[in-house]
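[1] I would like to see how this sequence folds:
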Amino acid sequence: MEYNLGNLRIFPYKDIQELDNFYCGITEMDIFIHNSNGFTMSIDNHYCKAFVVKDESSNIVAVFALNFDAISFDSDNIDDIFSGALGSTPNIDFEYNEIFTSKVHHPALEITYLAVREDKQRQGIGEYLIEEIASAAQKQPLAGCEFLTVSAYHCDNYTAVNFYSKCLFSKLDISRDTQTTTRMFRMLYPKQNTEDIEETEEDLPQS
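    Down below sits the predicted model:
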């Protein structure tokens, strides 16, 4: 059965009681979200802003949280970014290249938490939310933002790294990885691939 993603609505998170019946099936993540010293404490202390995702019946099917971030690149990352090794290159002016590479930090929006309810997984909800978050980051009026970042969670029987790779994230700096997270990033403004442009032009009706 295909899930109707168009019926999903995103609302600001109110309190921990909202999530009493929300479980993603990953024990460590469920403990964190239901522990008042975990998810809620982070929100109450302004570390991040959280949202719940509801279906047409007002059931919570996903939860995520965001905060502003900054990332630094090493020479290998920069080479990969401008060589197209990540699948695309930044959509920036040529004159800005030198400024870009000399910057110590680059503004980003971090996905601090994202989980989909266990019985709603593998229906495209996670991918849909990544695109919604990317779109919101591009449109938000408060500050410039060049990248999305995430510390992808992994444990003995689960990893989010493959999911974020599928959503066009790349590994960042392995020195900042931990036993349970892998730091990853995604360009918010990639340059459109020339091949994609050619294919699009071929698909246009001919006059």
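
[2] now the strands for this structure?
    9-12, 49-54, 60-71, 106-116, 147-155, 158-159, 170-171, 181-187 (DSSP state E).

[3] Name the surrounding residues that touch stretch 91-107.
    Applying Cβ atoms under 8 Å, 6 or more residues apart in numbering, the contact partners of stretch 91-107 are 68-73, 78, 82, 90, 143-147, 189-192. Using the backbone N, CA and C atoms, a C-beta is placed for each residue, glycine as well.

[4] Can you check which helix is longest in the protein?
    As assigned by DSSP state H, the longest helix anywhere in the chain is helix 125-139.

[5] Compute the mean per-residue pLDDT across that one, please.
    For helix 125-139, the mean pLDDT works out to 95.

[6] and Glu195, what pLDDT?
    If you check Glu195, the pLDDT there is 49.

[7] Kindly apply the preceding question to Glu201 instead.
    pLDDT, read off for Glu201, is 41.

[8] next one: Leu5
    85.

[9] Ile111 versus that one, what's the distance?
    For Leu5, the distance to Ile111 (Cβ to Cβ, to the nearest Å) stands at 18 Å.

[10] So these two - more neighbours on which side?
    Ile111 (26 against 15; other Cβ atoms under 10 Å).

[11] Can you tell me the closest non-neighbouring residue to the more buried one?
    Spatial nearest neighbour of Ile111, chain neighbours left out: Val150 (4.4 Å); criterion: Cβ to Cβ, 6 or more residues apart in numbering.

[12] Below-threshold pLDDT in this structure: ranges please.
    In the predicted model of the chain, residues 1-3, 174-178, 193-207 satisfy pLDDT under 70.

[13] from memory Ile33 sits against Ala65, does it?
    No. With contacts counted by Cβ atoms under 8 Å, Ile33 stays clear of Ala65, the gap being 9.8 Å.

[14] overlap in contacts of those two?
    With contacts taken as Cβ under 8 Å, 6+ apart, Ile33 and Ala65 have 39, 113 as neighbours in common.

[15] Please look at Phe51 and Ile60 and confirm they touch.
    No. Counting by Cβ under 8 Å, Ile60 is not a contact partner of Phe51; they are 10.3 Å apart.

[16] So for these two, which residues contact both of them?
    Taking Cβ under 8 Å, 6+ apart as the criterion, Phe51 and Ile60 do not both touch any residue.

[17] if we can go back for a sec, what's the PyMOL line that selects buried ones from the contacts of stretch 91-107?
    Buried residues among the contacts of stretch 91-107 (16 or more other Cβ atoms under 10 Å), as a PyMOL selection:
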select buried, resi 69+71+73+90+145+146+147+190
